[in-house]
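Asks: Sequence first, predicted coordinates after that:
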Amino acid sequence: MKSAMKLKVVGILAFAGMSLLVSGCKSTPDLTQTEAQSMIQANYDHATPVGTNITVNDLGMRQGITAKYWNRTKIYPNKYWADFTLTADGKKVLKLPGGGDTIQWRPESLTDDKYSIVVVTVVANHLKARDVSEPQDEVIAGADTAKGASFTESVNLEGVPEALQEIAHNPGNKLSTTRQADFTLEGGAWKLHSVQ
């Protein structure tokens with residue numbers, strides 16, 4: 001009888017201990033792809049909008065002349081160096097990274113198809129996050145619980161004229177980049193920790 005009573009007491013204590021243990025553990029909330037993308041995009045939307053760098057190759061120079069963004073104002077004796085000046089229409093949609101209004105076109109030869117210059121759109125937009133992968137457990141220094149997800153960061157050409165968008169889609173332009181976002185669990189909620 002004493003053994004049965006001891007066994008019953010031990011059972012009650014074990015059950016009470018397990019109940020305390022279970023009630024003391026909080027389950028970690030899920031972090032979905034949609035939530036991860038929303039946090040990354042909110043981070044981009046909070047940042048200062050930026051113009052898009054567009055690499056302009058030989059084809060792009062010809063497209064820019066057709067679109068009346070610049071005119072050739074000087075040709076050099078070697079017949080393949082030239083200066084191009086931005087038009088009034090060109091100044092409305094793009095600027096040169098170094099300032100000014102003159103493009104100094106200086107390829108190495110008449111057949112140099114690798115030479116290019118960079119222009120920046122006047123329209124400034126926020127970057128876009130897309131194609132976020134399923135968040136995976138990760139270790140981040142100083143964080144008890146963390147997850148990470150890769151995603152595609154894309155430039156936003158909204159509001160950029162069609163002719164300039166066509167130049168942006170020429171070879172040599174990089175309109176998207178693969179990045180990594182890290183998230184940490186803080187106060188029971190997921191927060192964006194960093195974007196690399």
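Replies: Perfect, thanks for sending it.
Asks: all strands of this structure, in order?
Replies: Here the chain has its strands, by DSSP state E, at 53-56, 70-75, 82-86, 94-95, 102-105, 117-121, 128-130, 136-138, 146-154, 176-186, 189-195.
Asks: contacting residues for Q37?
Replies: 129-130, 132, 151 (C-beta atoms under 8 Å, 6 or more residues apart in numbering). Just so you know, the C-beta spots here come from the backbone N, C-alpha and C atoms, and that holds for glycine as well.
Asks: whoops, D113 was the one
Replies: By C-beta under 8 Å, 6+ apart, the neighbours of D113 are 57-58.
Asks: Kindly recompute the last result at 10 Å.
Replies: Contact analysis of D113 by C-beta atoms under 10 Å, 6 or more residues apart in numbering lists 57-59, 107, 171.
Asks: ok, back up a step: scan the contacts of Q37 and report the most crowded one.
Replies: Comparing the contacts of Q37 by number of neighbours (other C-beta atoms under 10 Å), A129 comes first, having 24 neighbours.
Asks: mind showing which ranges of the protein have poor pLDDT?
Replies: 1-26 (pLDDT under 70).
Asks: circling back: which among the contacts of D113 end up buried?
Replies: 57-58, 107 (16 or more other C-beta atoms under 10 Å).
Asks: still on that earlier bit, turn the contacts of Q37 into JSON lines, including distance to T111.
Replies: Below are these laid out as JSON lines (distance: C-beta to C-beta, whole Å):
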{"residue": "A129", "distance to T111": "41"}
{"residue": "R130", "distance to T111": "38"}
{"residue": "V132", "distance to T111": "43"}
{"residue": "F151", "distance to T111": "40"}
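Asks: So for this structure, which residue is the most central one in space?
Replies: Centroid-nearest residue in the chain: E153, 2.7 Å away (criterion: C-alpha atoms, centre = their mean).
Asks: separation between it and K79?
Replies: Look at E153 and K79: by C-beta to C-beta, to the nearest Å, they are 41 Å apart.
Asks: hey, what's the nearest residue in space to S176 that is not next to it in sequence bridged with?
Replies: Nearest in space to S176, with sequence neighbours left out and distances taken as C-beta to C-beta, 6 or more residues apart in numbering, is S154 at 4.3 Å. Taking DSSP bridges as the rule, S154 bridges to K128, S176.
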